[in-house]
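Student: A predicted structure for the sequence below; I have some questions about it.
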2 protein chains.
Amino acid sequence: MKKEDRNIYIGNTDADQAKRMYYEKLYNEFEYERIPIDQGLGRVTYEAIYAKVSSPHYNAAAMDGILVKSQDTEGASVANPKILEQGKDFIYINTGNPITEPYDSVIMIEDVIEIGEGKVKILNATHPWQHIRPIGEDIVATEMIIPSRHKIRPIDIGALITGGIQEIKVYKKPRVGIIPTGTEIIDDINSLTVGKILDSNSRVFEGLITEYGGLPNRYNPIEDEYDLLKSAILKGINENEILLVNAGSSAGTKDFTMRIIKELGEVVVHGVALKPGKPTILGIIEGKPVIGIPGYPVSSYLVFDTFVKPLILKYAGMPEEKDPIVKAFVSKRIVSSLKNKELVRVSLGYVNNRLIATPIPGGAGVIMSLVKADGIAIIPQNIEGVEAGETVDVKLLKPLDNVKDTLVSIGSHDLIMDIVGDMMPLTSGHVGSMGGILAMKRGDCLVSPIHLLDTETGEYNISYIKKYFPGNKMAIIKGVKRLQGFIVEKENKKAVKDFVDLKRKDIVFVNRQRGSGTRILLDYYLNKNNIDSGDIKGYNREMTTHMAVATAVKTGSATTGLGIYSAAKALELEFVSVGYEDYDFLVTQESLEDDRVKEFIEIIKSHRFKERILSLGGYELEGIGEVILV
Amino acid sequence: MKKEDRNIYIGNTDADQAKRMYYEKLYNEFEYERIPIDQGLGRVTYEAIYAKVSSPHYNAAAMDGILVKSQDTEGASVANPKILEQGKDFIYINTGNPITEPYDSVIMIEDVIEIGEGKVKILNATHPWQHIRPIGEDIVATEMIIPSRHKIRPIDIGALITGGIQEIKVYKKPRVGIIPTGTEIIDDINSLTVGKILDSNSRVFEGLITEYGGLPNRYNPIEDEYDLLKSAILKGINENEILLVNAGSSAGTKDFTMRIIKELGEVVVHGVALKPGKPTILGIIEGKPVIGIPGYPVSSYLVFDTFVKPLILKYAGMPEEKDPIVKAFVSKRIVSSLKNKELVRVSLGYVNNRLIATPIPGGAGVIMSLVKADGIAIIPQNIEGVEAGETVDVKLLKPLDNVKDTLVSIGSHDLIMDIVGDMMPLTSGHVGSMGGILAMKRGDCLVSPIHLLDTETGEYNISYIKKYFPGNKMAIIKGVKRLQGFIVEKENKKAVKDFVDLKRKDIVFVNRQRGSGTRILLDYYLNKNNIDSGDIKGYNREMTTHMAVATAVKTGSATTGLGIYSAAKALELEFVSVGYEDYDFLVTQESLEDDRVKEFIEIIKSHRFKERILSLGGYELEGIGEVILV
């Protein structure tokens, strides 16, 4: 549809201000329900809970032993032991048994000397109430056991039962309706054809709603039709306390959400100064919040986190959580706009006791960037970006302790890094071999996987390390020899066999990014064969991983690209070998003492790891894990 | 039963060693199951999960705009705009729509100038693949989405669905059987008679097992009979992966657990050097762990935490959690034995940026001490105790951020502190007024509630502050005037009317601890009336709260005690007034700037707070919240 039919004129309200404006307009009395105590785990008390019975509710023995009258024991000592007679002067008693008249004191069994015929000898006097738990020692009836707005823990359930509580008043879990919209959205993987997208956002919402104490209530996806959406929203408002509409919040041709909310209620905010997340709609219908959430998975997650999570907590009786924020050094320039607050997915790692944040590449459509993220860096509005080496606030997505155990690798990509990541905590940044060298120079990583061909000697890696780290004590942990070659379609119908073929008009190439070892390898061979890169169609189309190159070939957008055997094999493509290269791990000698590096070496030397690598194909493992000082 | 019938000879194995010995003997292969992805939240992956489809699975528009052939736009500029014709040179496209031949580039709608008749003008050239998401940009089929032993988060579910995953292989939740034992144990509050105890431990276990990823399987309480317990254990072993028997693990006369485990399998450890928790039994029957857990609620919780929690995590596929340990300054001497590692419940609070740990009084039978605890101080074996001012390791039970928000009060007890605790985060230590003054001197608290009568002037508090804080800038936040008097049984049958009555032979008194304001008040009046404390029966029986005094009267173990009106009213007792006293809050002038102290003043001045206090009875509130500099 044409431009004038789109509602592209959306605002740019500051995110915090938008939240404040919106929450102020919402109803603030929340519902409660009564539930039996044994269903109380994780629920939130609506009011303080006071004990109904005391504990203990009778005077009770605190020890196993004998129950005596304290005045009988007066003056007992080693020199002057007292003899007591069972049934008359004492009775045996176990922990928890009631204290009975006329007795008033307990002597521990360890301090009792049995002398036969129902008689015992004691060597010490006792006093009234010794080893007796008086009524109410633990809980006094009428005492407050737990306050209001308290999330009930297992131990609280124990205390409540002990205090005679059978039923409790808790905040009712808010029902949160989720309406997935979009003609392209489907639920069934068997209907996945071109132009169709599996609905995943609403499943992420379901999980988040559950975690924050709400009841998710997902509806079937609604097509982009005004009437359908309007009746879905009406139904949703009836059946829920909070309603989410995903997506249809932006300027697309069929984004009706905004119009419908306006008709049925009020749009408080449309458009916030948040990236990703700009086209958010904060609306109210019949006093209930209706939130329009943009469709890209990263936007939808972050908008949920910013505007929906605090709302669910509010309804569930929980105080708004403080975000766990840490300061981290940025390893790579982050560009941001003056117009928005930007939320940037980062991986985190400790290197030399500095917490390093590395932005994870990928747009708002890349859900894997969130899966891999350890935190969200927050770039405030009115700042144009953050330079490498500057610090930034990062909201943690994982506990900092886990981050401390994580091996930080930045450099060239290989499939074997996935397998390392399955065997130990790893964050792996893929910036190519030269990018790895630079990251290591800045002290941003512990390990850099590199495969850099010295075009003069034909040797790998060592000469680059000497050149870029003069005077530094560095080391190489030997990695794998891996097969590089041309990734081509099945049966190699266009018969790609060498570098000269890349000049052919019927061949479309797909390249790797500058600074990657594979790109250096390509340029080395082009140079050797006197081939001008300008003659190669697609030379400028750059991918950052072997799998991306293989995918371009698989889907026909390229005829071939240079890459590793395992990537071709993974996608069931053909492969034309060029030769083996050394894919090694650059470290500082100092970091060889780091526990994470030690664990890494142990893993890559392990039988189990080698087995998994060999099953990928295209690797030779001789000498893997050996350390060479440079 | 007699001493020789008890199994008191239990060992004293170091807790860490016991755990190691035990876990080594247990089976280490765990079961898995396949579940649909939408039930995956919180489950743990049994193996790494690889994508089955790519995302996007077709080349897709990344923006709303027009789809063009890039070569048509070559050379476009402001000076030399290009005109494109709909249907021939371009088509309109929305985000997510598929890219169709012969088009290869997207121009954002914002950069398109519509000039009518289906024609548009563009001012910039575009290049191939601009604003197009290539196949696999997010996920490439065969790529690892999440590793093994990973607890599935909402975002992971989104990524797995996007990667075409419908079913996943996860660790099976271990079934954990719980057998409550003891003839005194009951489930139904209506059967709560003297000598009976409501089962609460097994309900705490249920909650903890659920939280750590197991399936609790609680059986009805079993009486202390050998045959009954034996067949319950046999059934439990059959039906569960882990079995807990609570209690019957110690030296009581009817503790059969140890004997039965020995008969049916192996007792690896009986008795660990842990306090509380010594009589723990770590046994194995048919390769399955059977753990005998002591009966006191604090022991049972801590033994579960030490030995059962790591086991459940292991079976559930989770790595053992690192305990969140912080260093804290101890505000009060902690005595401990050389023979055991001791676990001490503490409250935590920040005062002057120091983290202060205050031990919570109460034995292993006091479940409320765990409810109130912010952490568990760990006193290692071979240490005789920790002095006030020394540091100790504390395992956190609450996030440190919550601790930071908590107002730390140490001093005299009053019921109004419970109400403050319901309205803001508070830890409240009850050590009496003089104890509060000393805690304030050491810098261990922010606020000290005190009610100290100057026996010469009849004034409250001020003269004490001048005496104990010479040259310091202190302040009083005015609190309440509260009614003190004799708490007596209903109808005051023994007709207690004044201090002289306390000498009567038919009257049993119950006192408060030394240093409490109420004790000072008592001694002041005894002195004034020339009464010798030696003439008062029960003068030496000390309670630490008004409610404990009232409970002693309520249950008949004392005729009367001196205390506040609200405590008498709470337990429906009679009250003989002695007079009003000033219960105020001592602070430093500096701390008046602390946010928590500010919030405290705001709360006690609030209408809602005053209403709640007045409903207790026995308080006057004139001037509450006013600050007096001393």
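Tutor: It's in. Numbering: from 1, shown residues only, chains lettered A, B, ... in the order given.
Student: what about the closest residue to A:Ser54 other than its chain neighbours, neighbour count?
Tutor: With CB to CB, 6 or more residues apart in numbering or on different chains as the measure, A:Gly136 is the residue that lies nearest to A:Ser54, at 4.1 Å, once sequence neighbours are left out. For glycine as for every other residue, the C-beta is placed from the backbone atoms N, C-alpha and C. A total of 27 residues lie near A:Gly136 under the criterion other CB atoms under 10 Å in any protein chain shown.
Student: what's near enough to touch A:Gly136?
Tutor: Neighbour list for A:Gly136: A:54-56, B:547-548, B:551, B:555 [criterion: CB atoms under 8 Å, 6 or more residues apart in numbering or on different chains].
Student: The closest residue to chain B within the stretch 201-350 of chain A in helix, strand or coil?
Tutor: For the stretch 201-350 of chain A and chain B, the shortest gap (CB to the nearest CB) falls at A:Gly207, measuring 2.8 Å. Classification of A:Gly207 by DSSP: H, G, I helix; E, B strand; the rest coil places it in helix.
Student: so who does the closest residue to it other than its chain neighbours touch?
Tutor: Counting by CB to CB, 6+ apart, B:Pro154 is the residue found nearest to A:Gly207 once chain neighbours are left out, at 2.8 Å. Remark: with contacts taken as CB under 8 Å, 6+ apart, B:Pro154 is in contact with A:203-208, A:211, B:41.
Student: Repeat that for A:Ile222.
Tutor: Shown in contact with A:Ile222 (CB under 8 Å, 6+ apart): A:179-181, A:228-229, A:232.
Student: filter the residues you listed to the buried ones?
Tutor: Buried subset of those (neighbour count, 16 or more other CB atoms under 10 Å in any protein chain shown): A:179-181, A:229, A:232.
Student: Could you list the low-pLDDT ranges of chain A?
Tutor: Along chain A, the model assigns pLDDT under 70 to residues A:1-9, A:249-254.
Student: and A:Ser409, that's in a helix?
Tutor: No. Under the criterion used here (three-state DSSP), A:Ser409 is strand, not part of a helix.
Student: tally of neighbours for it?
Tutor: By the criterion of other CB under 10 Å, A:Ser409 has 26 neighbours.
Student: A:Lys554 too?
Tutor: 24.
Student: Grab the nearest non-local neighbour of it.
Tutor: In space, not counting the residues next to it along the chain, A:Lys554 is nearest to A:Leu571; the distance is 4.8 Å by CB to CB, 6+ apart.
Student: ranges for the strands of the stretch 401-550 of chain A?
Tutor: Secondary structure of the stretch 401-550 of chain A, counting by DSSP state E, counting those that start in this stretch: strands at A:407-411, A:426-430, A:448-450, A:474-488, A:509-512, A:542-543.
Student: got these as JSON lines, with distance to B:Lys372 columns?
Tutor: Putting the strands of the stretch 401-550 of chain A into JSON lines (distance: least, CB to CB, whole Å) gives the following:
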{"stretch": "strand A:407-411", "distance to B:Lys372": "41"}
{"stretch": "strand A:426-430", "distance to B:Lys372": "40"}
{"stretch": "strand A:448-450", "distance to B:Lys372": "51"}
{"stretch": "strand A:474-488", "distance to B:Lys372": "51"}
{"stretch": "strand A:509-512", "distance to B:Lys372": "60"}
{"stretch": "strand A:542-543", "distance to B:Lys372": "58"}
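Student: and the residue of the stretch 501-630 of chain A nearest chain B?
Tutor: Going by CB to the nearest CB, chain B is nearest to A:Thr551 of the stretch 501-630 of chain A, at 3.7 Å.
Student: Please state the offset of the helix or strand hosting that residue from the chain centre?
Tutor: Using DSSP states H and E, A:Thr551 maps to helix A:546-554. Remark: helix A:546-554 is offset 28 Å from the chain centroid, using CA atoms, centre = their mean, to the nearest Å.
Student: what do you get for stretch A:143-151?
Tutor: 31 Å.
Student: what do you get for stretch A:497-510?
Tutor: Using CA atoms, centre = their mean, the distance between the centre of stretch A:497-510 and that of its chain works out at 43 Å.
Student: So which bits of the stretch 151-300 of chain A are right by chain B?
Tutor: Neighbours of chain B within the stretch 151-300 of chain A, by CB under 8 Å from any CB of the partner chain: A:153-159, A:161-162, A:164, A:166, A:182, A:184, A:189, A:192, A:194-195, A:197-201, A:203-208, A:210-211, A:250-254, A:295, A:297.
Student: Is it possible to mark the buried ones in those?
Tutor: The neighbour count (16+ other CB under 10 Å) marks A:153-159, A:161-162, A:164, A:182, A:184, A:197-201, A:203-208, A:210, A:250-254, A:295, A:297 as buried among those.
Student: Cross those against helices and list the overlap.
Tutor: When DSSP state H is applied, these are split such that A:154-159, A:161-162, A:201, A:203-208, A:210, A:297 fall in helices.
Student: how far away is the residue nearest to A:Tyr58 when sequence neighbours are not counted from A:Glu489?
Tutor: Leaving aside its sequence neighbours, A:Tyr58 sits nearest to B:Val194 (CB to CB, 6+ apart; 4.3 Å). Per CB to CB, to the nearest Å, B:Val194 is found 85 Å from A:Glu489.
Student: list the contacts for the residue nearest the centre of chain A?
Tutor: Central residue of chain A (CA atoms, centre = their mean): A:Leu397, 4.7 Å from the mean position. By CB under 8 Å, 6+ apart, the contact set of A:Leu397 is A:373-376.
Student: run the last query once more with 10 Å
Tutor: A:305, A:324, A:345-346, A:348, A:370-376, A:403, B:153, B:155 (CB atoms under 10 Å, 6 or more residues apart in numbering or on different chains).
Student: Could you give the number of residues near A:Lys441?
Tutor: When neighbours are defined as other CB under 10 Å, A:Lys441 has 12 of them.
Student: Quick check: it touching A:Asn472?
Tutor: Yes. Here A:Lys441 reaches A:Asn472: they are 8.9 Å apart, a contact under CB atoms under 10 Å.
Student: Next, the closest residue to A:Val344 other than its chain neighbours: secondary structure please.
Tutor: Spatial nearest neighbour of A:Val344, excluding adjacent residues (CB to CB, 6+ apart): A:Ala377 at 4.3 Å. Secondary structure assignment for A:Ala377 (three-state DSSP): strand.
Student: doesn't A:Leu355 make contact with A:Ala377?
Tutor: No. Contact criterion CB under 10 Å: A:Ala377 and A:Leu355 do not qualify, at 11.5 Å.
Student: Quick check: neighbours shared by these two?
Tutor: Residues within reach of A:Ala377 and of A:Leu355 at once, by CB under 10 Å, 6+ apart, are A:328, A:348, A:394.
Student: May I see those residues arranged in JSON lines, with neighbour count, distance to chain B and secondary structure as well?
Tutor: Compiled in JSON lines, the shared contacts of A:Ala377 and A:Leu355 are given as follows (neighbours: other CB atoms under 10 Å in any protein chain shown; distance: CB to the nearest CB, whole Å; DSSP: H, G, I helix; E, B strand; the rest coil):
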{"residue": "A:Ala328", "neighbour count": "24", "distance to chain B": "18", "secondary structure": "strand"}
{"residue": "A:Leu348", "neighbour count": "25", "distance to chain B": "16", "secondary structure": "strand"}
{"residue": "A:Val394", "neighbour count": "24", "distance to chain B": "16", "secondary structure": "strand"}
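Student: Just the closest of those to A:Lys503, please.
Tutor: The closest of these to A:Lys503 turns out to be A:Leu348 (CB to CB; 44.9 Å).
Student: ok, which residues in the stretch 351-500 of chain A are in contact with chain B?
Tutor: By CB under 10 Å from any CB of the partner chain, the residues of the stretch 351-500 of chain A that approach chain B are A:362-373, A:397-399, A:401-402, A:404-405, A:415, A:417-426.
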